[in-house]
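Visitor: here you go, sequence then predicted model.
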Amino acid sequence: MSIKLLYLDTCSVVKIFLNEKGHDVMMWLLGSESVLAYSVYLLTSSYVLEEFPRVIGSMETGRISPSQAKGILQRYKARLRGMSRLHVCDRGKSSSFRDSIAVSADVLLAKHQRNARHKMDMLHLAVVKKCLGMYVAGSLPNIVTSDRQFKSVIRKEGLGIIDPEEIGVVNLKQYLGQLDGLGAS
């Protein structure tokens, strides 16, 4: 059974803390069954850790109340930053590594004809390409996201997508089972 490499972008991490569509999938991924039965290895980046508080802050204008935002940020600091199941693949890397990620993101912006508004998506994708290249024993890398525009770029780059809003836990288990034998080359 190969390791299933799943990269969580900011929109999927938000679903850990908000009871919205896809929350059940994210909670299942964080549980022990996903590791024990399906060999799931969850990754994210320092960019997600930096972006998350800004995203929650932007939700205070209608989606959540200021007190909910404050509670989420407190839980985030206590839970996400110390969560042993979620590995920050670029943590502790040198500044030249981060510079390389930024350059790669700029190349991806140009390649996919996106504007600066999409820079964070391209940073996520650049991290995935750089970090997941270090894991040779894993399955096809998948990005966990519900961002429609980002998903179109991910497909063009040949990576898998798990949309927690669309897949459901039962179908996710089936999909993860199918990833065995589709190892990275």
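Guide: Great, that's in hand.

Visitor: pLDDT score assigned to the residue located most distally from the centre of the chain?
Guide: Centroid-distance maximum for the chain: residue 67 at 25.8 Å, with CA atoms, centre = their mean. You'll see residue 67 listed with a pLDDT of 92.

Visitor: next one: it from residue 160, what distance?
Guide: Residue 67 sits 37 Å away from residue 160, taking CB to CB, to the nearest Å as the criterion. The C-beta positions use only the backbone N, C-alpha and C, and glycine is treated the same way.

Visitor: and stretch 154-168, which residues are buried?
Guide: By neighbour count on 16 or more other CB atoms under 10 Å, the buried set for stretch 154-168 is 154, 159-164, 167.

Visitor: what helices and strands are in contact with the least confident helix or strand in the chain by mean pLDDT?
Guide: Here the helix or strand of the chain ranked lowest by mean pLDDT, DSSP states H and E is helix 95-111, holding a mean of 75. Applying 3 or more CB pairs under 8 Å, 6 or more residues apart in numbering; DSSP states H and E, we find helix 95-111 packed against helix 119-132.

Visitor: for the helix it packs on, give the mean pLDDT please.
Guide: For helix 119-132, the per-residue pLDDT averages 79.

Visitor: tell me the angle of that helix relative to helix 95-111?
Guide: Per axes from the mean of the first three to the mean of the last three CA atoms, to 10 degrees, the angle that helix 119-132 makes with helix 95-111 is 120 degrees.

Visitor: what's helix 119-132 packed up against?
Guide: Secondary-structure packing of helix 119-132 (3+ CB pairs under 8 Å, 6+ apart): strand 4-8, strand 40-44, helix 46-58, helix 95-111, strand 142-144, helix 148-156.

Visitor: export it as PDB, just CAs?
Guide: The C-alpha coordinates for helix 119-132 follow below in PDB (Å, rounded to 0.1, in the frame of the first residue of the first chain):
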ATOM      1  CA  LYS A 119      -0.400  34.400  -6.700                       C
ATOM      2  CA  MET A 120      -1.300  32.500  -3.500                       C
ATOM      3  CA  ASP A 121      -2.700  29.600  -5.500                       C
ATOM      4  CA  MET A 122       0.500  29.500  -7.500                       C
ATOM      5  CA  LEU A 123       2.500  29.600  -4.300                       C
ATOM      6  CA  HIS A 124       0.600  26.500  -3.100                       C
ATOM      7  CA  LEU A 125       1.200  24.700  -6.400                       C
ATOM      8  CA  ALA A 126       4.900  25.600  -6.400                       C
ATOM      9  CA  VAL A 127       5.200  24.300  -2.800                       C
ATOM     10  CA  VAL A 128       3.500  21.100  -3.800                       C
ATOM     11  CA  LYS A 129       5.700  20.600  -6.800                       C
ATOM     12  CA  LYS A 130       8.900  21.300  -4.800                       C
ATOM     13  CA  CYS A 131       8.000  19.500  -1.600                       C
ATOM     14  CA  LEU A 132       6.200  16.500  -3.000                       C
END
